[in-house]
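A.B. asks: Using only what follows, build the 3D model:
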Amino acid sequence: MTTTLTNAGSFAMTEFDAVAEQHQAMDGMPLVDYFPIALPIYLLQIEALVAEKRELMPVEEFALKAVSMGVRSSSDVLGTLGLGTGYGEKLLQSLADDEYIAQKPELVIRQKGVDVLAEAGERRIYEKVLTVAWNPVTQQVMRDKHALKKSGDLKLSRVVRVVPPSTKLPPLEDLPLERLPAWHLDKGEQVIRFLEVQRRSLLYVPAVLLIYGRGKGGEPLARVAIDGVIDSTSSVAIARHEVLPRLGVDGLFARRMGATAVEPRVKPLGALPGNESLADLLKLKSTLQLGIAGLERKDSPEAAAKLDAKKSELAIAQQKLAQFPIRALLPFEVPQLVDVALQKAKNDIVITTTLPIGERLTSLRLLLLEQVLRKGIKVRILISDRPTEDEFAMNDGPGPILRTLNDMMAVHPNFDVSFLRDTDRVVFEVRMDDTLVGVSNEPPLGARSREPLARVFSGYQLSGSKPVLAYTESHMSAHHLAVVGKIKFPAPTRKPSGKTK
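C.D. replies: Residues are numbered from 1 along each chain as shown. Sure, this is the predicted structure:
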């Protein structure tokens, strides 16, 4: 269950990849970067003055009207309404307990009963503690239900936590009562005013920051998606927030972290491809993948027939894409290349990456990896950075993944996971046999480990033995991929505390 009142929900990066694919263009501008962020939310426990109108049941209303018209005995009231003795006596006792009538022993209507008949219900006022989610970035009460996460959970997943612009809450009289979500209140309740904040907790709502390019020299456009939907209010607020320059959305955005390092590796291999020849085919591929995902959730003969047809169309589109010897990748295609390699490799796979994390090296990909290794296919995962003591020891983050990979190495001699000597690597690869290699500035199995995080994505897919072998010889030889040891050899290193990864 996803709600602002719990810490439920998964902060899966695979979902962020899907969101990026869904929003791969905005007003004609291409997606040039994306990564998960966490928007701050103050969860407030507020004591409030609440009014509630209690509606009378028809039988209660008729009983009160009978007493108000002069019927004085219980038996006469019950006889008039045609009620049995057991239920009728309980009804009259309930009306007496609520001080609507008095039994002296004759029945007499009290002033409260007169008032409730006149208003067709009773209005009660009382104090109640409400949970309100305040977004300090947008300066608004959160009206929708979203999963919230604690700060420590996000740190281990290397998710960027947006710092609240101010820790100061607005005056309680300025909180908009009319914008309080209806699910905060019981039926018939209405907040009169807020009295006091009893407690506040800083939590975070998962989101994805999407960055679109405006062309050479143009300032990038930033948008925020929550639960896969572009949130206009958060997008406008984040543009005014200091987080964008802090993340690297600035004048150096197009020249940072491998943005200019990928193309020089590919350019000597042949003419760089133009996106115009691929745009329609890539759009068709994405549309078919989204359609297939939707049909797989339906259970009907019609859906099954459509599913088969779309899968056939997708296979044709993928075959056409594979025929391009060199083509530009889109940002979200990098983890998809891992899936292709794990499913289609015949001899060997080499992946260079930052520390693998569960959001990218998912349980499904681990299963595919196990199946590949059982076939005798050689797999190498080469890691550029090192785990901190916290990351290595905790039951979340990279530590458990590294331990799982280490266990798999002990079982499969054709599996190697090692640490690269080059810890400042900004270009990463996914190579399958001598037929395909993807090269980009996005780590395929990990998160970015260098600040600032934002940079223009740059990536290419090389297909066919000639360009793949040429790239391998120039950039993926034993000399270029020198290692310092396997998982169990390097000691975890402690990094300065307080630094956001």
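
A.B. asks: what about residue 476, distance to residue 427?
C.D. replies: The spacing between residue 476 and residue 427, counted by CB to CB, to the nearest Å, is 11 Å. Any C-beta I mention is one placed from the backbone N, CA and C, and that applies to glycine too.

A.B. asks: ignore the last one, residue 291
C.D. replies: If you measure residue 291 against residue 427 using CB to CB, the figure is 34 Å.

A.B. asks: what about those two, which has more around it?
C.D. replies: Neighbours were counted for residue 291 and for residue 427 using other CB atoms under 10 Å; residue 427 has more, 21 against 17.

A.B. asks: Contacts only, for that one.
C.D. replies: Shown in contact with residue 427 (CB atoms under 8 Å, 6 or more residues apart in numbering): 258, 261-262, 265, 439-441, 475.

A.B. asks: What subset of the residues you listed is buried?
C.D. replies: Those of the contacts of residue 427 that meet the buried threshold are 258, 262, 265, 439-441, 475, by 16 or more other CB atoms under 10 Å.

A.B. asks: burial count for residue 255?
C.D. replies: When neighbours are counted by other CB under 10 Å, residue 255 registers 12.

A.B. asks: backbone phi and psi for residue 104, please?
C.D. replies: When quoted as degrees, to the nearest 10, the phi and psi of residue 104 stand at phi -120, psi 20.

A.B. asks: For it, give its distance to residue 80.
C.D. replies: Taking CB to CB as the criterion, residue 104 is separated from residue 80 by 20 Å.

A.B. asks: So which of those two has more stuff around it?
C.D. replies: The residue with more neighbours, out of residue 104 and residue 80 and counting by other CB under 10 Å, is residue 80; that gives 14 against 8.

A.B. asks: Now do the contacts for the closest residue in space to that one that isn't next to it in sequence.
C.D. replies: Using CB to CB, 6 or more residues apart in numbering and skipping residues adjacent in sequence, the residue nearest residue 80 is residue 66, 5.4 Å away. With contacts defined as CB under 8 Å, 6+ apart, residue 66 is in contact with 76-77, 80-81.

A.B. asks: Please identify which of the contacts of residue 427 is nearest to residue 18.
C.D. replies: Top of the list for closeness to residue 18, among these and by CB to CB, is residue 440 at 18.2 Å.

A.B. asks: quick one, what contacts the spatially closest residue to that closest one that is not a sequence neighbour?
C.D. replies: Distance criterion CB to CB, 6+ apart; nearest residue to residue 440, sequence neighbours excluded, is residue 459 at 2.8 Å. The neighbours of residue 459, taking CB under 8 Å, 6+ apart as the test, are 262, 328-331, 333-334, 438-442.

A.B. asks: swap the cut-off to 7 Å and go again
C.D. replies: Contacts of residue 459 were listed using CB atoms under 7 Å, 6 or more residues apart in numbering, and they are 262, 329, 334, 438-442.

A.B. asks: same check, this time on residue 168
C.D. replies: Taking CB under 7 Å, 6+ apart as the contact definition, residue 168 lies against nothing.

A.B. asks: Am I right that it falls within a strand?
C.D. replies: No - according to DSSP: H, G, I helix; E, B strand; the rest coil, residue 168 belongs to no strand; its state is coil.

A.B. asks: quick one: it and residue 203, what's the gap?
C.D. replies: Taking CB to CB as the measure, residue 168 and residue 203 are separated by 18 Å.

A.B. asks: before we move on, what about residue 131?
C.D. replies: Plainly put, residue 131 is 11 Å away from residue 203 if you go by CB to CB.

A.B. asks: mind listing the strands for the stretch 151-300 of the chain?
C.D. replies: For the stretch 151-300 of the chain, the strands identified by DSSP state E, counting those that start in this stretch occupy 160-161, 189-212, 221-226, 229-230, in order along the chain.

A.B. asks: what's the nearest residue to residue 469 if we skip its chain neighbours?
C.D. replies: Counting by CB to CB, 6+ apart, the residue nearest residue 469 is residue 434, at 5.6 Å.

A.B. asks: circling back to that earlier point, could you redo the buried ones among the contacts of residue 427 as JSON lines and give each row pLDDT and distance to residue 31?
C.D. replies: Compiled in JSON lines, the buried ones among the contacts of residue 427 are given as follows (pLDDT from 0 to 100; distance: CB to CB, whole Å):
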{"residue": "258", "pLDDT": "71", "distance to residue 31": "17"}
{"residue": "262", "pLDDT": "89", "distance to residue 31": "17"}
{"residue": "265", "pLDDT": "88", "distance to residue 31": "22"}
{"residue": "439", "pLDDT": "96", "distance to residue 31": "19"}
{"residue": "440", "pLDDT": "95", "distance to residue 31": "14"}
{"residue": "441", "pLDDT": "92", "distance to residue 31": "14"}
{"residue": "475", "pLDDT": "94", "distance to residue 31": "26"}
